[in-house]
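A.B. asks: structure for this input, please:
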Amino acid sequence: MACSDGRPLKYKDKLKQLETVLSEMDLGVEWASTIYQQKESPFSGTPKERADELMRLFTSDHVKVIFDISGGDAANQILPYLDFDAIRKHPKWFVGMSDLSVVNNALLTCAGLPTVHYAITTLIGQHAEGQREWFINAFMQETDVLKQTDFSYQWLRGESMEGVVVGGNLRCFLKLSGTRYFPELNHKILFLEALGGKTARMASMLSQLEQIGAFSACKGILLGTFSEMQQTEQKPTIEELVHHITEKYYLPIAKTERLGHGSDAIGIPIGLNLAF
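C.D. replies: Numbering: from 1, shown residues only. Now for the predicted structure:
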């Protein structure tokens, strides 16, 4: 599925490789009709066409999990066309990250459906072997891997926190601000990560979160990777920015390198209670 920007046709070989990997796990693969960019367009279909295709996958009895392989900017276009009542009657995992953070949180808010912040394309990335092991445990076996927090993280403030996780990619999550799709933040753990953006941009978006009352409402903050900031060694660091802006709220803050846009990033459920 591609709820956000369509994939360029040159991406087809990579998706064929992904299909081979999934087939080797004895998984059947059904591709949505809205995957690739249409001629002279960044989109794989109109907002309604993409939403209709997502609804078809949700209501299909033989589709067990929906993985979105897109990203970019356009996922929030589909939200007005989703039938959240129908989704609530056909619950299944929706899995995506980055711009799909808007879909993840909208599904939680409007349909009460937990989702997973994860990129299935890591199965063919640099850390493919470890990713395949995690994938099998998370989606193919009756384990509680998605509810476990035994991945590595360090405390920036505090030493424990517990609550339902919301959030995702910082830039994309903020697209929901002021809409009916934005999740309730009271007593939640706010998970944040980012791909692009240096210090000034992150400071701006963190300020927006504070100004909408996010830090006074939430119970704790979990930081994933902030790729561009970390790779370019920006100062102040993301840890310093978040620590400073939340100082008066006494929020526990943890930082992990295992969640985000890295090729070794695992998934985290949006909408389930986790204890750290």
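A.B. asks: quick one: the strands in this protein, in order.
C.D. replies: Remark: strands assigned in the chain by DSSP state E are 65-67, 93-96, 115-117, 154-157, 162-169, 189-194, 220-226, 253-255, 268-270, 273-275.
A.B. asks: packing partners of the fifth one?
C.D. replies: Translated: strand 162-169. helix 101-111, strand 189-194, strand 268-270, strand 273-275 (3 or more Cβ pairs under 8 Å, 6 or more residues apart in numbering; DSSP states H and E). For the C-beta atoms, the positions are set from N, CA and C on the backbone; glycine is no exception.
A.B. asks: now do 6 Å
C.D. replies: helix 101-111, strand 189-194, strand 273-275 (3 or more Cβ pairs under 6 Å, 6 or more residues apart in numbering; DSSP states H and E).
A.B. asks: buried set for stretch 6-23?
C.D. replies: G6, R7, Y11, L15, L18, V21, L22 (16 or more other Cβ atoms under 10 Å).
A.B. asks: ok, how many other residues are close to C110?
C.D. replies: 18 (other Cβ atoms under 10 Å).
A.B. asks: and for it, nearest residue in space, chain neighbours not counted?
C.D. replies: In space, and not counting its chain neighbours, C110 is closest to F84: 4.1 Å by Cβ to Cβ, 6 or more residues apart in numbering.
A.B. asks: distance check, that neighbour against E142.
C.D. replies: 28 Å (Cβ to Cβ, to the nearest Å).
A.B. asks: so which of these two has more stuff around it?
C.D. replies: F84 (16 against 5).
A.B. asks: going along the chain, name the helices of the stretch 1-150 of the chain.
C.D. replies: 12-24, 47-59, 84-89, 101-111, 128-135 (DSSP state H, counting those that start in this stretch).
A.B. asks: columns mean pLDDT and distance to I270 on top of the ones you listed, output as a markdown table?
C.D. replies: Listed next are the helices of the stretch 1-150 of the chain as a markdown table, based on pLDDT from 0 to 100; distance: least, Cβ to Cβ, whole Å:
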| stretch | mean pLDDT | distance to I270 |
| --- | --- | --- |
| helix 12-24 | 96 | 23 |
| helix 47-59 | 98 | 16 |
| helix 84-89 | 98 | 15 |
| helix 101-111 | 99 | 5 |
| helix 128-135 | 95 | 17 |
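A.B. asks: F151 is nearest to which of the ones you listed?
C.D. replies: helix 128-135 (9.6 Å; Cβ to Cβ).
A.B. asks: next, the buried residues of the closest one.
C.D. replies: Buried-residue list, helix 128-135, by 16+ other Cβ under 10 Å: Q131, R132, W134, F135.
A.B. asks: in a markdown table: these, plus distance to F276.
C.D. replies: Formatted as a markdown table, the buried residues of helix 128-135 follow (distance: Cβ to Cβ, whole Å):
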| residue | distance to F276 |
| --- | --- |
| Q131 | 22 |
| R132 | 26 |
| W134 | 18 |
| F135 | 23 |
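A.B. asks: for those residues, which one is nearest L272?
C.D. replies: W134 (16.5 Å).
A.B. asks: what about S101, neighbour count?
C.D. replies: By other Cβ under 10 Å, 31 other residues sit near S101.
A.B. asks: how far does stretch 234-241 sit from the chain's center?
C.D. replies: Remark: stretch 234-241 is offset 22 Å from the chain centroid, using Cα atoms, centre = their mean, to the nearest Å.
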